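Trainee: what follows is a predicted structure for the sequence shown.
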Amino acid sequence: MSTSRFLVLGGLGVVAQLACGGDDGPPVCPTGDCTLPGSTIVKWKFNHYPERMFDSDSCPDVGASSVRVDVTSIADPSFTDSLEKACGEGQLTFIDLPLGQFSFAVTVLDIDGNSLLKQPVTVMGPSGSPGANETREAVIPHTAWSRAYTGQFLYRLSWGGMSCGTVTQQNLKLTAGGQVVTQTNDRGDKLDGSTDVQCWPLTQQFPQSVMNLPFGPATLEVIGKDDADNVLYSESFETFIGAGTFNPTLTFDVSPPVDAGVDAPI
């Protein structure tokens, strides 16, 4: 059973207060009940991996124009409804859903109305109770997308929180899409672990960047050496290559090797 009751009402609280006639006068609401209806808010986020230092991709990054949410009652599957909002709004609101548990199937759409997902991403939860809000957040994982994206990787390196200092050479190995990358960064440095290159100071105006990398989880292995070819710093980082070119700059602070002992630089 579909219903069209669930409209997003602007200024709902002010309307209800005026309709009720203030604190002293009797209620003049059309139904005699000035209780605000419950709001059930559904939010969305794309490729959210904070443990990999990556917060999310934007709507333009993945080519998303709008997001549709189809809601179904758990107790009565015949009760359904649907709302669609511009992707950039980040959320939509169902007003006055019946009390109970619901599934919220989230579909990301391109400008032509075609789904960008292999299948909807579903979250479960209760509806908002009268006068209160209930919020659900759907995180769209990198495995859900039906398109093959590439992305730009922008990064800076620090060494124990500092710029190059005694580190004169850096060696990077970047694995993305399950393969060691063959692309070079904008300075022409290889990122396959085969070559030591001059340390790039943390104070440089622009970060280092690599274009057209496979979208998804990645691993960056970093080694820092001095002029005598001694390894002063070494660490591996789990990171993420976002879709598109407007990705955040990630700063990786490299630690000394575990077995460096008391001779490791501070």
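Mentor: Nice, thanks for sending it over. Everything numeric in this text was worked out from a predicted model, so none of it was measured. Numbering: from 1, shown residues only.
Trainee: quick check: bridge partners of the nearest residue to residue 86 once chain neighbours are set aside?
Mentor: By the measure of Cβ to Cβ, 6 or more residues apart in numbering, the closest residue to residue 86 outside its immediate chain neighbours is residue 66, 5.5 Å from it. Glycine gets a C-beta too; all of them are placed from N, C-alpha and C. Residue 66 has these beta-bridge partners by DSSP bridges: residue 86, residue 109.
Trainee: what is the neighbour count of residue 220?
Mentor: 21 (other Cβ atoms under 10 Å).
Trainee: how about residue 88?
Mentor: Close neighbours of residue 88, defined as other Cβ under 10 Å, add up to 12.
Trainee: hang on, it is in a helix, isn't it?
Mentor: Yes: under DSSP: H, G, I helix; E, B strand; the rest coil, residue 88 sits within a helix.
Trainee: per-residue confidence at it?
Mentor: With respect to pLDDT, residue 88 scores 97.
Trainee: mind listing what it touches?
Mentor: If a contact means Cβ atoms under 8 Å, 6 or more residues apart in numbering, then residue 88 has residue 59 as its contacts.
Trainee: which residues outside stretch 207-215 are in contact with it?
Mentor: With contact meaning Cβ under 8 Å, 6+ apart, stretch 207-215 is reached by 142, 148-157, 174, 176-177, 179, 181, 183-187, 189, 191, 200, 241-243, 245, 249.
Trainee: go ahead and confirm the residue nearest to residue 86 touches residue 85.
Mentor: Yes: if you go by Cβ atoms under 8 Å, residue 66 and residue 85 touch, sitting 6.4 Å apart.
Trainee: what residues of stretch 237-248 count as buried?
Mentor: For stretch 237-248, burial by neighbour count (16 or more other Cβ atoms under 10 Å) applies to 237, 239, 240, 241, 242, 243, 244, 247.
Trainee: for the most centrally placed residue in the chain, phi and psi?
Mentor: A centroid search over the chain (Cα atoms, centre = their mean) returns residue 56, at 2.1 Å, as the residue closest to the centre. Dihedral angles of residue 56 (phi, psi; degrees, to the nearest 10) stand at phi -180, psi 160.
Trainee: my guess is it meets residue 50, correct?
Mentor: No: the pair residue 56 / residue 50 is not scored as a contact, 9.1 Å apart, by Cβ under 8 Å.
Trainee: which members of the buried residues of stretch 237-248 are the farthest-apart pair?
Mentor: Within the buried residues of stretch 237-248, two members stand farthest from each other by Cβ to Cβ: 237 and 244, at 21.2 Å.
Trainee: does residue 130 sit in a helix or strand, and which one?
Mentor: Assigned by DSSP states H and E, residue 130 belongs to no helix or strand.
Trainee: could you look up the SS state of the nearest residue to it once chain neighbours are set aside?
Mentor: Closest residue in space to residue 130, ignoring its immediate chain neighbours: residue 35 at 4.8 Å, by Cβ to Cβ, 6+ apart. Assigned with three-state DSSP, residue 35 falls in the coil class.
Trainee: quick one, domains of the chain?
Mentor: According to automatic domain parsing, the chain comprises the domains 12-144, 150-258.
Trainee: mind telling me which of those domains the model trusts least?
Mentor: Lowest mean pLDDT of the domains of the chain: domain 12-144, a mean of 88.
Trainee: which residues of this protein fall in helices?
Mentor: For the chain, the helices defined by DSSP state H cover 12-19, 59-62.
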